[in-house]
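J.: Sharing a model prediction with you, sequence too.
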Amino acid sequence: MYSWILVLHVVVCLLLITVILVQGGRGGMAEALGGSGSQSLFGGGANVVMTKITATGAAVFMITCVSLALLSTHRGRSVIERTRMAPTPSGAGILPPPVPPVEPAATPAASPTPVGAPAPEPVASPTP
């Protein structure tokens, strides 16, 4: 079913591209500057038909987009996850084995200074 919807989606995409490119312009700047009136490839009444074909193609395009998105989520893992897990001919995976996390070095716990006692002096580093 996924393949049939994908084929329909590609056909609708090509149909939309063709229909949109064949449609005549709606006037605009060329007409304002003295250009010729709007010209259509298939005559004057073709604009209504082309508009309906475009609207129908756009609706089918949106339906196939949503259908493909829903079907692809039900198919399982994504393509990226499948390629990461696929073994190579040598038997090793594509990605190197995970590196264990490094534990930070333990720091000695500072003893709290009693209330009213003077703060300890900072230790100066030796200078050469």
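T.: Structure received. Numbering: from 1, shown residues only.

J.: CA atoms for contacts and neighbours, from now on please.
T.: Fine.

J.: For L14, see how far away the closest residue to H9 other than its chain neighbours is.
T.: Spatial nearest neighbour of H9, chain neighbours left out: T64 (5.8 Å); criterion: CA to CA, 6 or more residues apart in numbering. Per CA to CA, to the nearest Å, T64 is found 14 Å from L14.

J.: need the helix or strand of this protein with the lowest average pLDDT.
T.: In the chain, no helix or strand scores lower on mean pLDDT, DSSP states H and E than helix 29-32, which sits at a mean of 57.

J.: how about low-confidence regions in this protein?
T.: 24-46, 76-97, 105-120, 122-125, 127-128 (pLDDT under 70).

J.: Neighbour count for T64 and L14, which is higher?
T.: Comparing T64 with L14 by other CA atoms under 10 Å, the one with more neighbours is T64, at 19 against 12.

J.: who's in contact with the more buried one?
T.: T64 sits next to 5-6, 8-9 when contact means CA atoms under 8 Å, 6 or more residues apart in numbering.
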